[in-house]
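sequence unknown, structure follows:
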């Protein structure tokens, strides 16, 4: 179904980009993500629920492409179990009714909490990158994300196409866009934003179209080895960066090894110096999600329901209050 047929009176759109690994079916995944985001708004800003419900909501889902790669490597996926566990996470996090309780004291009490993954990534990433072994490390840790950087594979082209189609349709409609990317989805979002800014076939139509707010959650974009592989990495001056983001908010959770280098403002400060972006902000949080009985600081449920994300989202909504019924766009 086209976006036009599902559009309500709101001119604001929330577009989600997920990351690596297996994902539930598109509709189920969208429902879970929206439920987590909405729960955070309801907890901290109940007066803004109507505004949140009015926003158009869509997802650039490519879980089937991930699953195809992972299955080829002998990986199995129990979707019913995964969905059930995600719902359990959300149920538990909804019971935290005070935003101040999303802090280090509660985080330190989580079962199986460990900083080992982040510590290893901090130590190994720069060393292996310096001697040219970062690519094998990526292939070992994430079969699907490794395919994104494999020039012999068309996975990256297919993934970017799905996001680009969604994003361009929103831009063409004239919506005010809030783009949220989780994990490695931040790399895909960055590349698509760069393409819209600089690709010869796209820039004439889209280079001057702005994304109001881009929020990255647990992104690996702070890793120097990843940045070397981004689109535009070898370019100079403003051609090096996307030029269509007004503000970039980066949120990184303690012990989330995917974003072991948890700041991006220092790495992309030239975007502001060259005046291609108004602001790049970094925020550090504690992700209280527990998956399969163990702390999981990279969990999207834990990110989406966190007070920091709710605050960023509501600040965006308050710029121009809107009212309508919920709309889901696929």
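Received the coordinates, thanks. Note that the structure is a prediction, hence the values are computed from the model and not measured.

quick one: the strands in the stretch 101-250 of the chain?
176-182, 211-217, 245-253 (DSSP state E, counting those that start in this stretch).

which residues does the last one contact?
Meaning strand 245-253. Residues outside strand 245-253 that contact it (Cβ atoms under 8 Å, 6 or more residues apart in numbering): 193, 210-219, 221-222, 259, 262-265, 268, 271, 277-287, 297-298, 302-303, 306, 308-309, 312. Where C-beta positions appear, they are placed from N, C-alpha and C, glycine not excepted.

that older thread, now the strands of the stretch 101-250 of the chain in a markdown table, with mean pLDDT?
Formatted as a markdown table, the strands of the stretch 101-250 of the chain follow (pLDDT from 0 to 100):
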| stretch | mean pLDDT |
| --- | --- |
| strand 176-182 | 98 |
| strand 211-217 | 98 |
| strand 245-253 | 98 |
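
make CSV out of the ones you listed and add mean neighbour count.
Shown next, in CSV, are the strands of the stretch 101-250 of the chain (neighbours: other Cβ atoms under 10 Å):
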stretch, mean neighbour count
strand 176-182, 25
strand 211-217, 24
strand 245-253, 23
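
nearest to residue 292, out of the ones you listed?
strand 245-253 (17.5 Å; Cβ to Cβ).

following that closest one, which helix or strand comes up?
Next helix or strand after strand 245-253 toward the C-terminus (DSSP states H and E): helix 270-273.

name the residues of that next one that are buried.
Within helix 270-273, the residues scored as buried using 16 or more other Cβ atoms under 10 Å are residue 271.

cool, stretch 26-37 as well?
For stretch 26-37, burial by neighbour count (16+ other Cβ under 10 Å) applies to 26, 28, 29, 30, 32, 33, 34, 35, 36, 37.

got the strands of the stretch 101-250 of the chain as TSV, with distance to residue 85 columns?
What follows is those, written out as TSV (distance: least, Cβ to Cβ, whole Å):
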stretch	distance to residue 85
strand 176-182	17
strand 211-217	19
strand 245-253	18
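
residue 100: which of those is closest?
Going by Cβ to Cβ, the one of the strands of the stretch 101-250 of the chain nearest residue 100 is strand 245-253, 17.0 Å.

distance from that closest one to the middle of the chain?
The chain centre lies 10 Å from the centre of strand 245-253; the measure is Cα atoms, centre = their mean, to the nearest Å.

can you list the strands that that strand pairs with?
strand 211-217 (parallel), strand 279-285 (parallel) (DSSP bridges).

just the angle between it and strand 176-182, please?
Orientation note: strand 245-253 sits at an angle of 30 degrees relative to strand 176-182 (axes from the mean of the first three to the mean of the last three Cα atoms, to 10 degrees).

show the end-to-end separation of stretch 43-62, please.
The first residue of stretch 43-62 is 30 Å away from its last residue (Cα to Cα, to the nearest Å).

can you say which helix or strand has the residue lying closest to residue 56 once chain neighbours are set aside in it?
Leaving out its chain neighbours, the residue that sits closest to residue 56 by Cβ to Cβ, 6 or more residues apart in numbering is residue 13, at 4.3 Å. According to DSSP H and E, residue 13 maps onto strand 12-17.

I'd say residue 278 and residue 243 touch.
No - in this structure, residue 278 is not within contact of residue 243 by Cβ atoms under 8 Å, at 11.5 Å.

who's more crowded, those two?
Comparing residue 278 with residue 243 by other Cβ atoms under 10 Å, the one with more neighbours is residue 243, at 21 against 12.

right, and that one touches residue 207 too?
Yes - contact status for residue 243 versus residue 207: in contact at 6.5 Å, counting by Cβ under 8 Å.

okay, and the common contacts of those two?
Common neighbours of residue 243 and residue 207, using Cβ under 8 Å, 6+ apart, are 197, 198.
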